[in-house]
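Visitor: Sequence and computational prediction follow.
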Amino acid sequence: MNTPTHDLSKIPVTVITGFLGSGKTTLIRHLMTNPQGKRLAVLVNEFGTMGVDGDILKSCAVESCPVENIVELANGCICCTVADDFIPTIEALMALPVRPDHILIETSGLALPKPLLKAFDWPAIRSRITVDGVIALADAEAVAAGRFAPDVAAVDAQRSADPSIDHETPLSEVFEDQILCADLILLSKADLAGEAGLAAARATITAEMIRSVPMLAMTDGVIDPRVILGLNAAAEDHIDARPSHHDGEEDHEHDDFNSVVIDLPEVTDPDDLTAAIARLAAEQRILRVKGYVAVAGKPLRLLVQAVGGRVRMQYDRPWGTGPRTSHLVVIAEQADIDAAAIRAVLVPEVVGA
């Protein structure tokens, strides 16, 4: 039963964090279609100026989570614009004609969750909302391969030899901040990792943790919603138990990462685009590629999702009466973003030049 708009009980919020391409949107789609009798609202935060995930979720809107309950903020980081964006958006969701029973927040893959938790202490919302739990997704295959976590022993050895050396990378700091803030860690892409990969991922994450946090394996975003909704963690009351590399800082920067939007002509062969993205990952250290592409002769738009050199594509829905425009968002560390070089790889490849 939907909560009346005059009900003074706090609305629970689940914060879903995780690195680029870890499967946050796929998990939310699963929760939207299996809401356990709850009316949901979703706030999606994108890194970069062109939103993709919000559009994906809106195309999956259902009675328990209609389109008007799905809001996208493509400003890069909601915790950096609390007063201007985050608080007004949360207030608007709470003021919907039919009050949501539960709000899901999908952070950008580069967001630090702890500053977002602090935002829930703002006077405008602190008596009306509570953080039911922070869910961190970790790509089990990637973590097992050591791509998103540091070699702790090697770093400690180097630091002991020269304390002035800092071998922490921006990627490892983001990854650690996300898992250290979590009430539950989901090891996504379990099918790709296999049992050995899952064991390695668990060991890597456990080595970073300072408190006991459950870890569950997950494939294609499928997990019992009862595990996600109803943790009753009140995470905003336990911020000090969630350490961050940025503790003590008034602000945090996102200058380590950048994104560029590449406009493409119609694609003749999607396999050529797959090869081009893999080449970008290998040669230019691109972290993430996502967007929609028009394929010649196909009435459906092609959804492209890539993490490193691993590329997934699927036709999701017709283009309809709108323009068949192809755009890809490319995300990388600041030093690796070269729009001209990225375009030179993608555009000639897809048009067969």
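Guide: Arrived safely, thanks for sending. This structure is a prediction, so every number in the text was calculated from the model and none was measured. Numbering: from 1, shown residues only.
Visitor: Can you report how many residues lie near the residue lying closest to residue 242 once chain neighbours are set aside?
Guide: Nearest residue to residue 242 in three dimensions, chain neighbours excluded: residue 181, at 4.4 Å (C-beta to C-beta, 6 or more residues apart in numbering). Glycine gets a C-beta too; all of them are placed from N, C-alpha and C. Using other C-beta atoms under 10 Å, residue 181 has 24 other residues around it.
Visitor: Partner strands of the longest strand along the chain, with direction?
Guide: As assigned by DSSP state E, the longest strand anywhere in the chain is strand 129-139. Using DSSP bridges, strand 129-139 pairs in its sheet with strand 11-18 (parallel), strand 184-188 (parallel).
Visitor: Let me have those strands in JSON lines, adding mean pLDDT and mean neighbour count as columns.
Guide: What follows is the strands paired with strand 129-139, written out as JSON lines (pLDDT from 0 to 100; neighbours: other C-beta atoms under 10 Å):
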{"stretch": "strand 11-18", "mean pLDDT": "94", "mean neighbour count": "25"}
{"stretch": "strand 184-188", "mean pLDDT": "95", "mean neighbour count": "25"}
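Visitor: circling back to that earlier point, my guess is the residue nearest to residue 242 meets residue 134, correct?
Guide: Yes. Counting by C-beta atoms under 8 Å, residue 181 touches residue 134, with 5.3 Å between them.
Visitor: Mind listing the shared neighbours of those two?
Guide: Here residue 181 and residue 134 share the contacting residues 17, 113, 117, 235, 242, scored by C-beta atoms under 8 Å, 6 or more residues apart in numbering.
Visitor: that older thread, relative to residue 201, how far out is the residue nearest to residue 242?
Guide: 18 Å (C-beta to C-beta, to the nearest Å).
Visitor: For residue 34, which non-adjacent residue is spatially closest?
Guide: Using C-beta to C-beta, 6+ apart and skipping the chain neighbours, the partner closest in space to residue 34 is residue 225 (4.9 Å).
Visitor: residue contacts, that neighbour?
Guide: Residue 225 makes contact with 30, 31, 34, 35, 36 under the criterion C-beta under 8 Å, 6+ apart.
Visitor: switch to 6 Å and redo it
Guide: Going by C-beta atoms under 6 Å, 6 or more residues apart in numbering, residue 225 touches 31, 34, 36.
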